[in-house]
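S.K.: heads up, no residue letters with this:
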């Protein structure tokens, strides 16, 4: 993104810089003509001392550069710079379906996911809030976004496995946490048109605020939040996964999908279970990541899972924001001005 300016009209002041250079050269020539009136130029050079020829240009050059930066700062430039995120929110959406009991990832998939999530929390900067969502037959928020890592670890340790795998519902509940004022309704998405639990969808619920008009944004453009989705199976119930992914994309939220478990569906110790529902649905997870401008990772064992979370931690630490850099330029200009004055005083016993 190119640099922009809040007050671009002040850039015209930079035209005065070449004029100052011309004045400086004129003063040097004028001083040289005065020096020729001395009886001997050798006496002048001896008085100046060795090295004084180039040194006399350093303080004015530094001051001129400082002036350019001050004029540039006056135009209030904006630049996209990476900044440590102090208000970002990460939602961990973790599968707690019964297939997470499988021991192909030691000691089992759920324990490996819990330990990797704890490592992830340790790697994140303390200023990033984290929320926890679990999903099986349905999805629920088990820990609202918080900076308290102890509360998050306690919530992770209390995961309870259930039947079913509602991947899409997990994404929708994650978006509910990130956008609480938008009235995202999971039940409405599941039950659909007409009636919902015996009530007309046209009748607003008591005490419920009317929905605000939603305007989609480009995928991946919302830099202050992300969803980390971890699952070992495929959707069996709840909101369609790709529908939920489109909702995340329309909100600009990236989804980093982590697939764990078996790709072929054969899991030791789960005889009698349909391999269709035990099989990791990699195409669906890759489609979710692609639609939201996120990424997909496969974790075949506990160590791979920890590495994936460590990699995610480094990716989610900074936000790219358009920030005014006038103060930074002014600081550099002040340092250059002080340096110019100090050198002039040190070398010539005068300030410029």
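M.R.: Received, thanks. Predicted model only: the values in this text are computed from it and were never measured. Numbering: from 1, shown residues only.
S.K.: rest of the way, CA atoms for contacts and neighbours
M.R.: Will do.
S.K.: show me where the stretch 51-200 of the chain has helices.
M.R.: Per DSSP state H, counting those that start in this stretch, the stretch 51-200 of the chain carries helices over the ranges 52-55, 58-74, 109-123, 149-157, 167-178, 186-191.
S.K.: out of those helices, which comes closest to residue 101?
M.R.: helix 109-123 (6.0 Å; C-alpha to C-alpha).
S.K.: tell me which residues in the closest one are buried?
M.R.: 109-121, 123 (16 or more other C-alpha atoms under 10 Å).
S.K.: So which elements touch the longest helix along the chain?
M.R.: Scanning the chain for the helix with the most residues, using DSSP state H, yields helix 326-348. Packing partners of helix 326-348 (3 or more C-alpha pairs under 8 Å, 6 or more residues apart in numbering; DSSP states H and E): helix 58-74.
S.K.: and the helix it packs on, what does it pack onto?
M.R.: Helix 58-74 packs on helix 326-348, going by 3+ C-alpha pairs under 8 Å, 6+ apart.
S.K.: Run through who's touching the helix it packs on.
M.R.: Residues from elsewhere that reach helix 326-348 (C-alpha atoms under 8 Å, 6 or more residues apart in numbering): 55-56, 58-60, 62-63, 65-67, 69-70, 72-77, 350-352.
S.K.: could you redo the last one with a cut-off of 10 Å?
M.R.: Applying C-alpha atoms under 10 Å, 6 or more residues apart in numbering, the external contacts of helix 326-348 come out as 48, 52, 55-78, 349-352.
S.K.: Now, of those residues, which are buried?
M.R.: The buried subset of these (16+ other C-alpha under 10 Å) comprises 56, 58-60, 62-78.
S.K.: where does the chain dip in pLDDT?
M.R.: 1-2, 32-53, 81-87, 193-212, 264-278, 314-321, 351-352 (pLDDT under 70).
S.K.: Which stretches in it count as strands?
M.R.: Counting by DSSP state E, the chain has strands at residues 4-5, 77-84, 89-95, 129-135, 139-146, 195-196, 199-200, 225-231, 254-260, 296-299, 318-324.
S.K.: Dump those to TSV, plus distance to residue 20.
M.R.: Converted to TSV, these look like this (distance: least, C-alpha to C-alpha, whole Å):
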stretch	distance to residue 20
strand 4-5	24
strand 77-84	23
strand 89-95	51
strand 129-135	52
strand 139-146	56
strand 195-196	75
strand 199-200	76
strand 225-231	49
strand 254-260	51
strand 296-299	57
strand 318-324	28
